[in-house]
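1. requesting a structural model of the entry that follows:
(2 chains)
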There are 2 protein chains.
Amino acid sequence: MNNVSQNRVCSGWHRQYTHDSEVLGCEMRFALFLPIGATTTKPVPVLYWLSGLTCTDENFMQKAGAFKMAAELGIAIVAPDTSPRGDDVADDDSYDLGQGAGFYLNATQEPWSKHYQMYDYISQELPQLIEEHFPVSSKKSISGHSMGGHGAITIGLKNPHRYRSISAFSPICNPMNVPWGKKAFSAYLGDNLELWREYDSCELLKRAKSELPILVDQGDADNFLAEQLSPEQLIKAANEWDSDVTVHMQHGYDHSYYFISSFIDQHLKFHAKYLLMER
Amino acid sequence: MNNVSQNRVCSGWHRQYTHDSEVLGCEMRFALFLPIGATTTKPVPVLYWLSGLTCTDENFMQKAGAFKMAAELGIAIVAPDTSPRGDDVADDDSYDLGQGAGFYLNATQEPWSKHYQMYDYISQELPQLIEEHFPVSSKKSISGHSMGGHGAITIGLKNPHRYRSISAFSPICNPMNVPWGKKAFSAYLGDNLELWREYDSCELLKRAKSELPILVDQGDADNFLAEQLSPEQLIKAANEWDSDVTVHMQHGYDHSYYFISSFIDQHLKFHAKYLLMER
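-> Below is the predicted model:
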C-alpha cells in the first residue's frame, strides 16, 4: 500500500493510498480521514462513503465539509473509488457505464466480469485492508450519494452483521426500474432479473425487515428525482415490513455536493449514535 | 447581470452571476452565498473572498465548507474571479501570470493594462454592483488565500474606510521580494518600484498604523512558505507601528483548501465581530 498524498485537516489527516486489489485485478486508490487521537489502543469506528457516477475518492473529501463533525465525533471516513480503473480495465464512452460507474455490484457478463467486482471489494477486501493497516475498530457504517447511495443501502442490507447503520443522499432506490439502473444492470448482469433483484434496495427491503436503521435525504429540486431516484418506492417497500427507514425530503435542494454539505453533519450524528454504542 | 446557476445550501443560496465589467472590459463571473433571512429591509453584511493563483469563483464555494457558519452568523460571501477572462484578454502560458493570476492590482504595462484592473474591480465596481442588486448592507470585510490573501490585505489596508476587518490564509505577504510577486509586478507594473510598494502588504504596513484588525493563518507544512509567503516580514512590518496584526502558525497544515476548511469558521467569527457591530 502506498501513501500518495496527505493533508492535515481539522486536527486529523486526509490521506490517499493506492494498493493492488485482488478482487478487482487492478490498482485502486482510496482516501481516508483519520481523526486526531485514533491509536491502536484507542481505535475509532469507520464510516464508508460511496460516491456517485463519474466520481473518484476525491469528491467527498474535497466538497462535503464533513471533517469538523467527524473529528468532533471521533469517526474515521473511508472514500473508495467508484469502479476499477486502468488501461486494461473495460470501459465505455458514456458517463454512466464502465470506469467511474461500477454500481457496487459483481458483474457476471463479459467484458465487465474480469474487473467489475465492486460489491466484493467494498464489502470485504477494502474493510479488511483498512482494519489491518489503520487504528480503526471493526465497527462500521455505510453511506453514499446517488449511485453510491444505491451501493450503501444494498451493501448494508445484504450485510447487516457487518454494518451498524446505513444512510444515503439522493440514492438510486429502485435501479431495476429506472434508465441508469437498467442500462448498468443489463451490461453488468445480463438479463437475469433474479440477479438484478440482488442489487435493488427496494427488492431487498421487500424480502424481510431491515435489521439496520436507514436514513435518506433527498432534495426536491433534484434534476434526477423524477426519472432516476424513486424514493417513494423505497418508502413503500420499507412499509411492507415496517423497516426502520427515514426519508427526509428537503425543499429546494438539488443533486450536488452543496446539498450533501448542508446535511452531512446530521448523517454523521446519526451514524455516531450506532457506531459509538457499546454492544 | 445573468444568474447562471443556483444551489440551495445550508438554508441559503449559492448563486453564480455573469456581468459585463466596465473597468475590466470583459464579461466576469462571480459567486454569491446569501444566507436565509437576507431582505432589503434586513440586509446582511458581506465578506469578500479573493482566491489564489489558477482559481475561479468556484474553488472557495465548493471546498471551504464556510456556509454553515456564515448562515449561522448571517453573513453573505462574494467570491470574484481571479483575473479578467476571455479570448480578447492578454494571457501567458505560465500559471502565475495572466488569466487566473491578476494579483488584484491595476496594471500599467502593455499588453496587460487594457483589462487587468482588478484592484478597481474588487475595491469599487464589484461592491457597487453587489450592493445595488442584493439585500446586503455596505458593511464589508475582506479575506483571501495566497495571491488572494495578498489582495485582501493590500486592498483592505488601502481602503480602511470601506472595510471593517481583513483576514488571510497563507498570503503572499511581501510580493516585491519573492519570485511570484517579482514576476507579476515586473509584467503588470514595469520597473517602477514606487508602484510595486503600493501593492505590497509589508510596505503598506510600514507607512502607518493599520486602522483595521488583521488575522492571518499560515500552515507550517506549506510548500510555498519558505520561498513565496514571508509571514515573518508581515509581523516585522506590523510591529513598526504596533498595528493590530495576528498571525497564527498552524502546525502540520499545508497550502490547500483542507487547511482553509479547518479554520474558516474562526475567520468568519473574527469578521462577524466587526461586521455585526453597530457604529
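2. can you list the buried residues in the helix ranked longest in chain A?
-> If you go by DSSP state H, chain A has its longest helix at helix A:257-275. Buried residues in helix A:257-275, counted by 16 or more other CB atoms under 10 Å in any protein chain shown: A:257-265, A:267-268, A:270-272, A:274-275. For every residue, glycine as well, the C-beta is placed using N, CA and C.
3. show me what contacts the residue of the stretch 101-250 of chain A found nearest chain B?
-> Closest residue of the stretch 101-250 of chain A to chain B, CB to the nearest CB: residue A:221 (6.8 Å). Neighbouring residues of residue A:221 by CB atoms under 8 Å, 6 or more residues apart in numbering or on different chains: A:251-254, B:8.
4. for these, which single residue is the most surrounded?
-> residue A:253 (25 neighbours; other CB atoms under 10 Å in any protein chain shown).
5. what segments of chain A are helices?
-> Going by DSSP H, chain A shows helices at A:58-63, A:67-73, A:118-120, A:126-133, A:147-158, A:179-189, A:193-197, A:201-207, A:231-240, A:257-275.
6. and the contacts of the last one?
-> Contacting residues not belonging to helix A:257-275 are listed as A:45, A:47, A:59-60, A:63-66, A:69-70, A:73, A:75, A:139-141, A:143, A:145, A:164-165, A:167, A:169-170, A:213, A:215, A:217, A:219, A:222, A:248, A:250, A:253, B:7-11, B:14, B:62, B:65, B:67-68 [CB under 8 Å, 6+ apart].
7. just the buried members of those residues?
-> A:45, A:47, A:59-60, A:63-66, A:69-70, A:73, A:75, A:139-141, A:143, A:145, A:164-165, A:167, A:169-170, A:213, A:215, A:217, A:219, A:222, A:250, A:253, B:7-11, B:14, B:62, B:65, B:67-68.
8. count of neighbours near the residue nearest to residue A:101 when sequence neighbours are not counted?
-> Nearest residue to residue A:101, sequence neighbours excluded (CB to CB, 6 or more residues apart in numbering or on different chains): residue A:53, at 5.3 Å. Neighbour count for residue A:53, taken as other CB under 10 Å: 22.
9. give me the beta-bridge partners of residue A:218?
-> residue A:249 (DSSP bridges).
10. how much space between it and residue B:123?
-> Noted for residue A:218: a distance of 43 Å to residue B:123, by CB to CB, to the nearest Å.
11. neighbour-wise, which of the two wins?
-> residue A:218 (24 against 21).
12. got a list of what the residue nearest to residue A:65 when sequence neighbours are not counted touches?
-> Leaving out its chain neighbours, the residue that sits closest to residue A:65 by CB to CB, 6+ apart is residue B:65, at 3.3 Å. Residues near residue B:65 by CB under 8 Å, 6+ apart: A:65, A:67-68, A:261, B:261, B:264.
13. I'd say residue A:204 and residue A:157 touch.
-> Yes: contact criterion CB atoms under 8 Å: residue A:204 and residue A:157 qualify, at 4.4 Å.
14. which bits of chain A sit near chain B?
-> Listed as neighbours of chain B in chain A under the rule CB under 8 Å from any CB of the partner chain: A:7-11, A:14, A:62-63, A:65, A:67-68, A:219, A:221, A:252-254, A:256-259, A:261-262, A:265.
15. I'd like to know how many residues surround residue A:191.
-> 9.
16. next one: the one 10 residues further on
-> Neighbour count of residue A:201, defined by other CB under 10 Å: 32.
17. ok, now which ones touch the closest residue to residue A:168 other than its chain neighbours?
-> Residue nearest to residue A:168 in three dimensions, not counting chain neighbours: residue A:149, with 3.1 Å by CB to CB, 6+ apart. Residues counted as contacts of residue A:149 (CB under 8 Å, 6+ apart) are A:50, A:52, A:143, A:168-173, A:216.
18. please apply the same query to residue A:193.
-> Counting by CB under 8 Å, 6+ apart, residue A:193 makes contact with residue A:176.
19. tell me how far it lies from residue A:82.
-> From residue A:193 over to residue A:82 (counting by CB to CB), the distance is 25 Å.
20. about what we covered before: so can I have a markdown table of the contacts of residue A:221 showing distance to residue B:183 and pLDDT?
-> Formatted as a markdown table, these follow (distance: CB to CB, whole Å; pLDDT from 0 to 100):
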| residue | distance to residue B:183 | pLDDT |
| --- | --- | --- |
| A:251 | 49 | 98 |
| A:252 | 45 | 98 |
| A:253 | 43 | 98 |
| A:254 | 41 | 98 |
| B:8 | 41 | 98 |
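21. which of those sit farthest apart?
-> A:251 and A:254 (11.3 Å; CB to CB).
22. report the closest residue of the stretch 51-200 of chain A relative to chain B.
-> residue A:65 (3.3 Å).
23. for that residue, phi and psi?
-> Backbone geometry at residue A:65, expressed as degrees, to the nearest 10, gives phi 60, psi 40.
24. show me where pLDDT drops low in chain A?
-> Residue ranges of chain A with pLDDT under 70: A:279.
25. go again with 90.
-> Chain A contains residues with pLDDT under 90 at A:208-209, A:277-279.
26. spatially speaking, which residue is in the middle of it?
-> Closest residue to the average C-alpha location of chain A: residue A:50 at 2.6 Å, with CA atoms, centre = their mean.
27. residues in contact with it?
-> By CB under 8 Å, 6+ apart, residue A:50 lies in contact with A:80, A:82, A:104, A:122, A:142-145, A:147-149, A:151-152, A:155.
28. so what touches stretch A:113-126?
-> Contacts of stretch A:113-126 (CB under 8 Å, 6+ apart): A:21-26, A:28, A:30, A:48, A:50, A:78, A:80, A:82-84, A:88-90, A:102-107, A:151, A:155, A:158-159, A:162, A:188, A:199.
29. how far off centre is it?
-> Chain-centre distance of stretch A:113-126: 13 Å, with CA atoms, centre = their mean, to the nearest Å.
30. now it: buried residues?
-> A:115-119, A:121-123, A:125-126.
31. got these as a markdown table, with distance to residue A:234 columns?
-> Output for those, formatted as a markdown table (distance: CB to CB, whole Å):
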| residue | distance to residue A:234 |
| --- | --- |
| A:115 | 30 |
| A:116 | 25 |
| A:117 | 26 |
| A:118 | 21 |
| A:119 | 20 |
| A:121 | 25 |
| A:122 | 20 |
| A:123 | 20 |
| A:125 | 28 |
| A:126 | 25 |
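32. taking those together, which two end up most distant?
-> A:115 and A:123 (16.6 Å).
33. between residue A:204 and residue A:157, which has more neighbouring residues?
-> residue A:157 (22 against 19).
34. I'd say that one and residue A:165 touch.
-> No: counting by CB under 8 Å, residue A:165 is not a contact partner of residue A:157; they are 11.8 Å apart.
35. mutual contacts of these two, please.
-> Common contacts of residue A:157 and residue A:165, defined by CB under 8 Å, 6+ apart, comprise residue A:212.
36. how close does the most far-flung residue of chain A relative to its centre get to residue A:12?
-> Distance from the centre of chain A peaks at residue A:41, with 27.8 Å (CA atoms, centre = their mean). As judged by CB to CB, residue A:41 and residue A:12 stand 17 Å apart.
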